[in-house]
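# need a structure here:
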Amino acid sequence: MPKTLSAMFAALALLTACGRVPEATVATPVQKATVAAAAKARADNATPTGLPLDAPWKQQEYAFAVKNVKHPAWGLSHAERDLQIALALAAQERLAVDRDVLFAAAYLHDLGGLKGFEKEGVDHGVRSAELAEPLLKAWGFPMAKFPKVKDVIMGHVYYGPAPTGDEARVFHDADLLDFLGTMGVIRLLAATQDGGPDATMAGGLKTAKQFATELPRKLTTAAAREQAKTRVAEMNAFFQTLDPYTYDGNAL
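Model prediction:
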């Protein structure tokens, strides 16, 4: 990695201006398949869930995300779900949000927490915003909108203060909702891989139970709070079903 932050930004901008990364990052069959999926999405002018890639900067950002935003819990699919949920919440709340801002933030909001992009001692939201600015500029994003993008990225974390801007509010709520329900449990169990060879499912399940109680109180929109009821019910049913198989959690 380059030794200075500015040098790293310059290198990232150079590599990603045309959606390119070193060949080593596309060496495996899985990586080749994801690159092929990105190419198909660009050809179809939409992501796999139908989000339009109707601007060159969106095509470049999405291609970058396919190649680099990789994690079973906070990778590409999580970013796509967050964006879809945020747009749905905005529609339900009748908020006139800037879809460009939400798109730009969605695929980069967790980048600063991923291996190779994180920075020791820096919160992943802050780091993601640092990385997003030069990348979006290199891709041709209308940078007059970047302050809102930064607000969305910085405001998405569940442990920070509630954001105030409409785009930041719906994305914050979307990110919290994706920690709830069946999907939330799956994500938190998948994240146990980060704990190394000694990790167990117990930690992920403990966090899931905490989130089922704590996160609904942090939601800022009525639409998200209503959706959270169903998601929390899913989680509680899962916990109750699991208990007998784990001897009340003693064999996890």
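# can I assume H156 is in contact with D173?
No - checked against Cβ atoms under 8 Å, the pair H156 and D173 is beyond contact range at 9.5 Å. All C-beta atoms are positioned from the backbone trio N, CA, C, and that covers glycine.
# so which strand or helix has the spatially closest residue to D98 that is not a sequence neighbour?
By the measure of Cβ to Cβ, 6 or more residues apart in numbering, the closest residue to D98 outside its immediate chain neighbours is E167, 6.0 Å from it. Secondary structure assigned from DSSP states H and E places E167 in helix 166-177.
# Look up the closest residue to P142, ignoring the ones flanking it.
Here the nearest residue to P142 in space, its sequence neighbours aside, is D100; by Cβ to Cβ, 6+ apart that works out to 7.0 Å.
# how many other residues sit next to Q84?
17 (other Cβ atoms under 10 Å).
# coming back round to it: so after the helix holding E167, what's the next helix or strand?
From helix 166-177 onward toward the C-terminus, using DSSP H and E, the following helix or strand is helix 181-190.
# got the angle for the next helix or strand after that following helix vs helix 166-177?
Beyond helix 181-190 in the direction of the C-terminus, DSSP H and E gives the next helix or strand as helix 201-214. Here the directions of helix 201-214 and helix 166-177 differ by 130 degrees (axes from the mean of the first three to the mean of the last three Cα atoms, to 10 degrees).
# quick one, helix 201-214 and helix 181-190 angle?
Using the same axes, to 10 degrees, the direction of helix 201-214 lies 140 degrees away from that of helix 181-190.
# Which helix or strand contains the most centrally placed residue in the chain?
The central residue of the chain, meaning the one whose C-alpha is nearest the mean C-alpha position (Cα atoms, centre = their mean), is A79 at 3.6 Å. Following DSSP H and E, the helix or strand that holds A79 is helix 76-93.
# what does that helix contact?
By Cβ atoms under 8 Å, 6 or more residues apart in numbering, the list of residues contacting helix 76-93 from outside reads 34, 47-49, 51, 65-66, 69-71, 95, 97, 99, 102-103, 106-107, 109-110, 156, 166-167, 170-171, 173-175, 177-178, 183, 187, 221-224.
# what comes up buried for it?
Residues of helix 76-93 classed as buried: 76-90, 93 (neighbour count, 16 or more other Cβ atoms under 10 Å).
# now, among those residues, which is nearest to K119?
A79 (19.8 Å; Cβ to Cβ).
# Pull up the per-residue confidence for the closest one.
At A79, the pLDDT value in this model is 98.
# And it, how close does it get to G125?
When distances are taken as Cβ to Cβ, to the nearest Å, A79 and G125 turn out to be 14 Å apart.
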